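**Q** can you look at this prediction? I've put the sequence above it.
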Amino acid sequence: MRPILSLALLVATAPQAAPRVPAPAFALAQVQQVPAPGAETSLPPPPPQPSPRPEPMVPETADEAVSPGANARSDSVPARRAPPDASASQEEAAVGSEPESDAAADPEAGAEPAPTVEAEPAPPPPGRDGQAAPPRPDDAPELAADLGSDAPRTTDARQQRLVNGAPLYNPNVSVHIVQKKRFADEGRHELTLYPAAVQVNGKYTNHVGTAAHYTYHLQENFALQVMGQYNWHSNESAFNLELIDKVREQAQAASSLLLVWGAHAGVEVTPLYGKFAFLNNSLAQFSVVLSGGAGIGSTRHLIRPAVTNDVDGESFKVPARFGDTGTKFLGSVGGGFRLQFGESYALRVEVRDLIYTARVDKVDGCNLADFEALEMARSTNQEFSTLNLSGSCRYERFDGVDPKTKKNYREDIILGRDLVSEPSSDVLNNISFYAGFSVLF
Amino acid sequence: MNARTLCVFASLAVSLAAPVSAAQADENVLDHVVVRNRLYEPGGKLELSIGAGLPLQSRLTAHYIFNAGVAYNLFDTFAVEARAGYAASRHTGLARSISESFLGREDKRVTDELQDLWQMNLHGVVGVRWAPIYGKLSLLSDLPAHFQAYAWAGGGLGSFQRSSVIQCTQVVNRELGICDNRTSVDDRGSATQDYWAKESRVAPVASAAVGFRFFILDSHGVRLELRDWIFRDAYRVNLVRDAWESGQTTGEPARSPGLTHLVQFDLGYTFSF
């Protein structure tokens, strides 16, 4: 029985041992993974080495004590040298495990060849209670005692405890940024609601709206997106109205075209990601997102601002009137930050430029010839339905009297004609600031 | 089964389970690039900076602001800073277009001056900078960039000048909208003097900004910020054309002129001692 069990054990462990043998560099570059420290680990500190060692180097300043540097790495802590096959990722882990005043130094300067990351060059030393100490993770902090410094000793198990891979309780480490990207995006869906999207470059126009955004993350750094936006406030700017009031000037119709809603689809890339500490207390992970897409948008133009209508000694406030100027092609480019909270929630802060072509030659479907005919009919008090107008002209919008404000809509015909009398075109950039939150699933 | 057999089976189970759990752990590890600790600690250091700002939006005026500053970092997250500089400013093409067309418009005999026409020149401010965020950015998955995100607020004084686009005190050619001493009608650049009404003043200015400072090596840094210069507007209302064209002062100051905002994107360099 014993030979059989031994053989079975050998067979079972052989495939696992296979990757531990030295492999070509290109293969190791793919398989070398630093074991994740887990959500939370509690590790007792390794005991001091019984073997004699040279006189410990006492740092001259407190900074040296806090930042055990190349001296500690090259002389005092030979057992923690990273094996060379750990490649770049292992190098980063080594950098991250020590205070970063040493980051410029090569952590692998004195590394000796070793077959694998998980290789154990020597049996672990016994613990305090005589039992074998658990393996020390690569990103465990250095002990001040090992360095012979005056810095606070971190022999306490609580001080050695890692939280998400970071020595949050180590008094010798000033700030802690988690080392690994903890949340994967690949294959996930993301729904974002932007309660407020505010135009920031409004010279002649002002837009405020709400947007919804769906993203499917095809890969970790690449996603498909669909976005819809409705501007519940779109009007000409106070600056444009000031020009009309004071100097009888106004923007060309195409330059002051208003976007009512837009829908577009495209791609999103996240080329950069980072982490930050807020007041050294909390850690957050963020990504820089860049997006681009194309779609359509509905536009309108101000025909008449809000006015007061005096009829028979009574004043009525007449709201501003807008005319439909059609659906336009829409392009979108943008960039911003995505701040992730846990696996399922994120905040997004972005700036997007909605680019749309603007050519105003029709208002409410009526072109210049239609307005000329309507104006002629208005002066002769003729019925509009008898006119030979273009099929798209919605003449009824310029006919009749509003029962609430007593405003005669026929008075707006001349204003509509002014908009199309000199056809204008422009390419508008509607740059808006978006702030919203996401749910990932 | 005896104890030895159990031990063998236990070893076998552990051997099989270990790589599975390791694989699961590895699935959670996507990258190994962001280093952990704070590399730059500006607390207690003096720093010098220079910067240039471009206008994010220009209506009637455009400003290009050049600044130099000195700051002392009281803590890693808090600093006091003094900045001084000069803003090269001009009227935009829209302002020139308005001035030329309004000169020939006879149907507007009484009007108000336009808002936000003051142009800032020399200025100096003192403020505080609060940088509660210290972060690291992974560039191309290999290169960590350390940065601080900060907010800045302060105030000071600035010198301002204002050139009207409405009040021409000496009309040269009304139809062509000429109000200067140009030698060629079509060449605005040939003018050495214009006759638009001008004002100047020194007034308080406030400034607020948010931005990032990226650390480079030990002493250098690149600063990207969005900065707003705020000062009180002042203009006259109820101006009479006949009065201003005869060189007389007309109208009265606006009662609530509001504030003028100059929003800039500022790119700067910092050196820490």
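**A** Cool, got the structure.
**Q** which bits of the stretch 51-200 of chain B sit near chain A?
**A** B:56-57, B:59, B:77, B:97-98, B:101-102, B:105, B:107-108, B:111-115, B:132-140, B:142, B:145, B:147, B:149, B:165-166 (Cβ under 8 Å from any Cβ of the partner chain). Where C-beta positions appear, they are placed from N, C-alpha and C, glycine not excepted.
**Q** mind listing the helices in the stretch 151-300 of chain A by residue range?
**A** A:157-160, A:238-247 (DSSP state H, counting those that start in this stretch).
**Q** what are the bridge partners for the one residue in the stretch 151-300 of chain A that gets nearest to chain B, then?
**A** Of all residues in the stretch 151-300 of chain A, A:Phe276 sits closest to chain B, at 2.7 Å by Cβ to the nearest Cβ. Assessed by DSSP bridges, A:Phe276 has beta-bridge partners A:Ala284, B:Gly135.
**Q** same check on B:Phe147?
**A** What pairs with B:Phe147, by the bridge criterion (DSSP bridges), is B:Gly135, B:Phe214.
**Q** kindly report the same for A:Ser332.
**A** Beta-bridge partners, per DSSP bridges, of A:Ser332: A:Gly293, A:Leu354.
**Q** so what's it scoring on pLDDT?
**A** A:Ser332 is assigned a predicted lDDT (pLDDT) of 93.
**Q** separation between it and A:Val439?
**A** 22 Å (Cβ to Cβ, to the nearest Å).
**Q** which regions of chain B sit below the pLDDT cut-off?
**A** B:1-39, B:139-143 (pLDDT under 70).
**Q** from B:Gln148, how far out is B:Leu74?
**A** Looking at B:Leu74 against B:Gln148, where the rule is Cβ to Cβ, the gap reads 14 Å.
**Q** which one's more surrounded, these two?
**A** Each of B:Leu74 and B:Gln148 has its neighbours counted (other Cβ atoms under 10 Å in any protein chain shown); B:Gln148 has more, 22 against 14.
**Q** from memory that one sits against B:Phe212, does it?
**A** Yes. Counting by Cβ atoms under 8 Å, B:Gln148 touches B:Phe212, with 7.0 Å between them.
**Q** hmm, back to that, and the helices of the stretch 151-300 of chain A, which one averages the lowest pLDDT?
**A** helix A:157-160 (a mean of 72).
**Q** how about that one: buried residues?
**A** A:Gln159, A:Gln160 (16 or more other Cβ atoms under 10 Å in any protein chain shown).
**Q** quickly check: that helix near chain B or not.
**A** No. Residues of helix A:157-160 are not located near chain B by Cβ under 8 Å from any Cβ, the shortest gap being 15.1 Å.
**Q** ok so, going back, okay, the helices of the stretch 151-300 of chain A, which one's buried deepest?
**A** helix A:238-247 (a mean of 17; mean count of other Cβ atoms under 10 Å in any protein chain shown).
**Q** and it, what does it pack onto?
**A** Applying 3 or more Cβ pairs under 8 Å, 6 or more residues apart in numbering or on different chains; DSSP states H and E, we find helix A:238-247 packed against helix B:93-103, strand B:143-168.
**Q** quick one: which of the ones you listed is nearest A:Glu236?
**A** helix B:93-103 (15.2 Å; Cβ to Cβ).
**Q** how about residues contacting that closest one?
**A** Residues from elsewhere that reach helix B:93-103, judged by Cβ atoms under 8 Å, 6 or more residues apart in numbering or on different chains: A:243, A:247-249, B:59-61, B:91, B:108, B:114, B:117, B:165-166, B:168, B:171, B:174, B:176-179, B:196.
**Q** just the buried ones from those, in ChimeraX syntax?
**A** Of those, the buried ones go into a single ChimeraX selection, burial set by 16+ other Cβ under 10 Å:
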select /A:243,247,249 /B:59,60,61,91,114,117,165,166,168,177,178,179,196
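**Q** show me the strands in chain B, by range?
**A** B:46-55, B:61-73, B:78-91, B:110-111, B:118-139, B:143-168, B:196-216, B:220-232, B:236-237, B:239-240, B:252-253, B:259-272 (DSSP state E).
**Q** let me have these in JSON lines, adding distance to A:Asn367 as columns.
**A** Output for those, formatted as JSON lines (distance: least, Cβ to Cβ, whole Å):
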{"stretch": "strand B:46-55", "distance to A:Asn367": "38"}
{"stretch": "strand B:61-73", "distance to A:Asn367": "37"}
{"stretch": "strand B:78-91", "distance to A:Asn367": "37"}
{"stretch": "strand B:110-111", "distance to A:Asn367": "34"}
{"stretch": "strand B:118-139", "distance to A:Asn367": "43"}
{"stretch": "strand B:143-168", "distance to A:Asn367": "35"}
{"stretch": "strand B:196-216", "distance to A:Asn367": "41"}
{"stretch": "strand B:220-232", "distance to A:Asn367": "43"}
{"stretch": "strand B:236-237", "distance to A:Asn367": "40"}
{"stretch": "strand B:239-240", "distance to A:Asn367": "40"}
{"stretch": "strand B:252-253", "distance to A:Asn367": "47"}
{"stretch": "strand B:259-272", "distance to A:Asn367": "39"}
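**Q** return the residues in contact with the residue of chain B found nearest chain A.
**A** Here chain B gets closest to chain A at one residue, B:Gly135, 2.7 Å apart by Cβ to the nearest Cβ. Counting by Cβ under 8 Å, 6+ apart, B:Gly135 touches A:Ile177, A:Gly274, A:Lys275, A:Phe276, A:Ala277, A:Phe286, B:His146, B:Phe147, B:Gln148, B:Ala149.
**Q** repeat that with 6 Å
**A** The neighbours of B:Gly135, taking Cβ atoms under 6 Å, 6 or more residues apart in numbering or on different chains as the test, are A:Gly274, A:Phe276, B:Phe147.
**Q** which among the residues you listed gets closest to A:Ala196?
**A** Checking those against A:Ala196 by Cβ to Cβ gives A:Phe276 as the nearest, at 23.8 Å.
**Q** and that closest one, how many neighbours?
**A** Count around A:Phe276 with other Cβ under 10 Å applied: 22.
**Q** ok, now how distant is it from A:His213?
**A** From A:Phe276 to A:His213 the distance is 24 Å (Cβ to Cβ).
**Q** how near is A:Asp364 to chain B?
**A** Look at A:Asp364 and chain B: by Cβ to the nearest Cβ, to the nearest Å, they are 29 Å apart.
**Q** which residues does that residue contact?
**A** A:Gly323, A:Asp324, A:Arg394, A:Arg397.
**Q** mind doing that once more with 10 Å?
**A** Residues in contact with A:Asp364 (Cβ atoms under 10 Å, 6 or more residues apart in numbering or on different chains) are A:300-301, A:303, A:322-326, A:370-371, A:392-398, A:412, A:416.
**Q** follow-up on the earlier one: so between A:Ser332 and A:Val439, which is more surrounded?
**A** Taking other Cβ under 10 Å, A:Ser332 and A:Val439 do not tie; A:Ser332 has more neighbours (23 against 12).
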